[in-house]
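Colleague: Next comes the sequence, and after it the predicted model I'd like to discuss.
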Amino acid sequence: METVIIILSGILVTIATYLLLSKNLIKVILGTAVLTHAVHLLIMAMGGFYGSSVPIIGENSEEYADALPQALILTSIVISFAVTAFFLVLAYQVYKRTKTTDLKQLRGFRHE
């Protein structure tokens with residue numbers, strides 16, 4: 001199971017790299033979102049899958065899932081949502097002022 005998730009994470013990193021290298025501002029923002037999802041999957045795979053038991057430490061604590069990667073992923077999801085929302089609002093404001101989302105045209109744009 002971990003191997004499939006690691007391969008899926010690699011595919012998502014490839015897709016995110018393609019989107020980050022595009023010339024459209026919205027695609028770059030979507031690329032950052034896809035990259036964060038790939039990192040979440042990778043952290044989840046590194047945490048391991050031991051079973052569906054509740055992580056209450058008892059006599060044998062090795063058969064329970066580690067709760068630290070889960071907490072890390074949950075925190076990272078909230079942060080990445082906030083950053084993506086901020087980037088989208090920023091892109092909307094750039095589009096309202098310049099009427100373009102092309103990064104090559106925005107590079108030479110002078111602020112009024």
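Modeller: Yep, it's here. Everything numeric here is computed off the predicted structure, so don't read it as measured data.
Colleague: For the longest helix anywhere in the chain, name the packing helices and strands.
Modeller: Taking DSSP state H as the criterion, the chain has its longest helix at helix 67-98. On a contact count with 3 or more C-beta pairs under 8 Å, 6 or more residues apart in numbering; DSSP states H and E, helix 67-98 meets helix 25-47, helix 103-107. Placement of C-beta: from N, CA and C, glycine included.
Colleague: Could you name the helices and strands sitting against the longest one?
Modeller: Contact analysis of helix 25-47 by 3+ C-beta pairs under 8 Å, 6+ apart lists helix 2-20, helix 67-98, helix 103-107 as its packing neighbours.
Colleague: give me that answer again for 7 Å
Modeller: Secondary-structure packing of helix 25-47 (3 or more C-beta pairs under 7 Å, 6 or more residues apart in numbering; DSSP states H and E): helix 2-20, helix 67-98.
Colleague: Now tabulate those in TSV and tack on mean pLDDT and mean neighbour count.
Modeller: What follows is those, written out as TSV (pLDDT from 0 to 100; neighbours: other C-beta atoms under 10 Å):
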stretch	mean pLDDT	mean neighbour count
helix 2-20	94	14
helix 67-98	93	13
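Colleague: Could you export these to CSV, including columns for distance to Thr36?
Modeller: Listed next are the helices and strands packed on helix 25-47 as CSV, based on distance: least, C-beta to C-beta, whole Å:
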stretch, distance to Thr36
helix 2-20, 9
helix 67-98, 4
